[in-house]
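In: Following is a predicted model, sequence given first.
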Amino acid sequence: MTGLLAAGLALALLVAVFKLRQHRRALRGLEQSITERQPYLREEAADHLGADWDRLCEAASALTGEVNRLQQFRTSQLAQLEATLGSLQEAVLIVDHTNHILLANRALQGIFPSATDIMGSRVELVLQSREFLDYVEALRAGRAVPRQTIEFAKGSDSVWAEVTGSLIPPLDGQDYQWALFVLHDISHQRKLEAVRRDFVANVSHELRTPLSVIKGYIETLVDGHHDMPAGDRERFLRTIQRHTERLNSLLEDLLTLSRLESVNPGLQRETVPFAKIIAEVAEDYRTRPAAGDRRVDCTVDPATGSLWIDASKITQVLENLLDNALKYTPKGAVITVSAEPRAGEVVVCVRDNGPGIPPEDQPHIFERFYRVDKGRSREKGGTGLGLSIVKHIVQLHGGRVWVESQLGQGTAFYFSLPRREAK
Ligand code: ADP
C-alpha cells in the first residue's frame, strides 16, 4: 500500500516536473517572439496550457504587430522628412538640448562643404560662430529675434546667413526642447553690396578731385577777374579745361562699363578682316601727337583671316591698350601690335618696352580703379577703368585677357578671340 502511494507520488512529481519544463519552454518561446518582434507561433507542446495561455499569446502577438506597424510608420515618416529637407534650398539643422546635431540636410553641406558626417557632433564644431551660439542660447531663453543675420567662419573666408530658429518638442517625449534652424545663405548678396559700396566710394573720390579744382579756379576767376593778369587767367582756364576733360572721360568710361555690364550689352558682330582693323588703329596712333617719337609697329599673321566680332568694341580694346602703352612708356619707346592664329582662336598682343608692372600689381590691374602709380595715371588723364573695359569687351566675345611684364623690361598685354563662324 505504501509502495503504491510512493509510486503514485513519484509519478505525480514526474508529471509536474515535465509540465513545468513545458511551461518554461513555452514562456521562453513567447519571450523570444516579443524580443524579436515576431508573432508567437504556438507549439504543440503548449497545447495543454489552456485558454488563458492562448489569450496571453494573442495579446502579445497583437502588441508586437502594433509596435512593428508604428516602427514602420516612424521610419517612413523620417525618410519622408529627410527627403523633404534634402530637397530644400535652405540649410536645415536640428540640435538637441545639449547642442548635439540630430539632423542636417544636404543644403547645409552646400554652404559648409567640410560638414560631412556631422550627426552627433557638437554644433559649434561644425558652425563656427560665437554669434550663432549666442543666438541658440537666446532662442532657448525665449529672447531671440525671429531672424538674425550671422557671420560664420569658413576657412579663411566668411559665410553670411540669415538664420531663423524655433524650438520643437523632441520626438521621444522628454520635457527638454530641441532647436530647429533654417539658414539662408546671403554671402553672395553681401559681397555684391560690398562691391557696390566700394564702387560708389571710388566714383565719389574720383569725381571730387577734379570738381574741387574746377570750383576753386572758377571762384578765383569770378572774384578777381577785373585785376587778374591775362597770363594767369589763361592758365586757370586751361586747368579748368583739363579737369573738365578728366570728368568727361570718367563719365564716358563709367557709361561704357555700365553698358557692358548690362543684361543686353548690345554686341554688333560682323565678319571683318582682322588685319585691317589692327592696321587702321596702329596708323591712327602713329600719327597722334601723343605718340611723340615713339614707334608703333604692327605684325599680323595673314592666316589670322576674318573674325566674327563687334569691330567698334574690339577697336576700343586696341585703343585702350595703345593709350596705356603711350601713356606709360618714355620717349623713343617701341610699341608692337601683333596677331596670330592658335588652336581655335586668335591671340593679339600689344607689347611695349616701357617700365613694366610690378609682379604684385599684375593680378589686380584689370580691376576697376586699380592703378599702379596713382599720381602718374591721373596726371596722364587716366581713369583707372581702361583695362576693366578691355576685360569686359574681350569676355563678351568669349575670349581671355592677360598680362606678362617684367620691371624695367616692358609689358605685353594679350587677349584672345575665339574663331567662330557667323550665326
Ligand atoms: P588708367 O586709366 O590708370 O591707365 P587702366 O585700367 O588702363 O587705367 O590701367 C590700370 C593701371 O595699369 C594703370 O594705372 C597703370 O598703372 C598700369 N598700366 C597699364 N598699362 C601699362 C603699361 N603699358 N605699362 C605700365 N603700366 C601700365
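Out: Noted; the coordinates are in hand.

In: At which residues are the helices of the stretch 101-250 of the chain located?
Out: 106-111, 123-126, 130-140, 187-224, 230-261 (DSSP state H, counting those that start in this stretch).

In: Distance from the second one to the middle of the chain?
Out: This points to helix 123-126. Distance, stretch centre to chain centre, for helix 123-126: 22 Å (Cα atoms, centre = their mean, to the nearest Å).

In: buried ones in it?
Out: 123, 126 (16 or more other Cβ atoms under 10 Å). To be clear about C-beta, it is placed using only N, CA and C from the backbone, and glycine gets the same treatment.

In: which other helices and strands contact that helix?
Out: strand 101-104, helix 130-140 (3 or more Cβ pairs under 8 Å, 6 or more residues apart in numbering; DSSP states H and E).

In: Make TSV from the ones you listed and add mean pLDDT and mean neighbour count to it.
Out: What follows is the helices and strands packed on helix 123-126, written out as TSV (pLDDT from 0 to 100; neighbours: other Cβ atoms under 10 Å):
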stretch	mean pLDDT	mean neighbour count
strand 101-104	89	19
helix 130-140	94	16
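
In: I'd like those laid out as a markdown table, including distance to the ligand.
Out: A markdown table is the format used below for these (distance: least, Cβ to the nearest ligand atom, whole Å):
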| stretch | distance to the ligand |
| --- | --- |
| strand 101-104 | 45 |
| helix 130-140 | 39 |
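
In: Please name the residues that touch residue 257.
Out: Contact analysis of residue 257 by Cβ atoms under 8 Å, 6 or more residues apart in numbering lists 368, 385, 388-389, 392.

In: if you set the cut-off to 7 Å instead, what comes out?
Out: By Cβ atoms under 7 Å, 6 or more residues apart in numbering, the contact set of residue 257 is 385, 388-389, 392.

In: of the residues you listed, buried ones?
Out: By 16+ other Cβ under 10 Å, the contacts of residue 257 give 385, 388-389, 392 as buried.

In: and which of the residues you listed is nearest residue 241?
Out: Using Cβ to Cβ, residue 385 comes nearest to residue 241 of these, at 21.3 Å.

In: Quick one, grab the pLDDT at the residue nearest to the closest one when sequence neighbours are not counted.
Out: The shortest distance from residue 385 to any non-neighbouring residue, by Cβ to Cβ, 6 or more residues apart in numbering, is to residue 253 (4.0 Å). If you check residue 253, the pLDDT there is 95.

In: Okay, buried residues for the longest strand belonging to the chain please.
Out: Ranked by residue count and defined by DSSP state E, the top strand of the chain is strand 157-168. Neighbour-count burial for strand 157-168 flags 159-161, 163-165 (criterion: 16+ other Cβ under 10 Å).

In: tell me the angle that strand makes with helix 130-140.
Out: 10 degrees (axes from the mean of the first three to the mean of the last three Cα atoms, to 10 degrees).

In: Can you name every helix or strand that strand 157-168 contacts?
Out: Helices and strands touching strand 157-168, by 3 or more Cβ pairs under 7 Å, 6 or more residues apart in numbering; DSSP states H and E, are helix 130-140, strand 147-154, strand 178-185, helix 187-224.

In: Could you single out the most deeply buried of these?
Out: strand 178-185 (a mean of 20; mean count of other Cβ atoms under 10 Å).

In: Mind giving me the packing neighbours of that strand?
Out: strand 91-95, helix 106-111, helix 130-140, strand 157-168.

In: hmm, who's touching the second one?
Out: Contacts of helix 106-111 with the rest of the structure, by Cβ under 7 Å, 6+ apart, involve 86, 88-91, 93, 115-116, 159, 161, 183, 185.

In: hmm, which two among the residues you listed are most spread apart?
Out: Farthest pair in these (Cβ to Cβ) is 86 and 159. Separation: 20.2 Å.

In: quick one: stretch 32-40 to chain centroid distance?
Out: Computed by Cα atoms, centre = their mean, the chain-centroid distance of stretch 32-40 equals 54 Å.

In: gap between the two ends of it?
Out: 9 Å (Cα to Cα, to the nearest Å).

In: in that stretch, what's buried?
Out: Neighbour counts using 16+ other Cβ under 10 Å place 33, 40 of stretch 32-40 among the buried residues.

In: ditto for stretch 106-124
Out: Per 16+ other Cβ under 10 Å, stretch 106-124 contains these buried residues: 107-108, 111-112, 115, 118, 123.

In: thinking again about what came up before, list just the nearest of the buried residues of strand 157-168 to residue 342.
Out: Closest to residue 342, out of all of the buried residues of strand 157-168 and judged by Cβ to Cβ, is residue 159, at 40.1 Å.

In: My understanding was that that closest one contacts residue 186; is that so?
Out: No. The pair residue 159 / residue 186 is not scored as a contact, 9.1 Å apart, by Cβ atoms under 7 Å.

In: what stretches of the stretch 101-250 of the chain score poorly on pLDDT?
Out: In the prediction, the stretch 101-250 of the chain carries residues with pLDDT under 70 at positions 171-173.

In: Over in it, which residue gets nearest the ligand? Let me know.
Out: Residue of the stretch 101-250 of the chain nearest the ligand, by Cβ to the nearest ligand atom: residue 249 (8.4 Å).

In: Spatially, what comes nearest to that residue if we skip its sequence neighbours?
Out: For residue 249, the spatially nearest residue (Cβ to Cβ, 6+ apart) is residue 383, at 5.4 Å.

In: Tell me, domain by domain, which residues of the chain belong where.
Out: 23-84, 87-185, 191-260, 270-418 (automatic domain parsing).

In: who wins for proximity to residue 3 among these?
Out: Comparing the domains of the chain against residue 3 with Cβ to Cβ, the closest turns out to be domain 23-84 (29.3 Å).

In: And that closest one, end to end?
Out: OK, domain 23-84 end separation, Cα to Cα: 50 Å.

In: Can you get me the centre-to-centre distance for it and its chain?
Out: How far domain 23-84 lies from its chain's middle: 54 Å, per Cα atoms, centre = their mean.

In: Check stretch 83-103 too.
Out: On Cα atoms, centre = their mean, the centre of stretch 83-103 falls 22 Å from the chain's centre.

In: again, but for stretch 235-249
Out: The answer for stretch 235-249 is 42 Å, by Cα atoms, centre = their mean.

In: One more: stretch 273-292?
Out: 42 Å.
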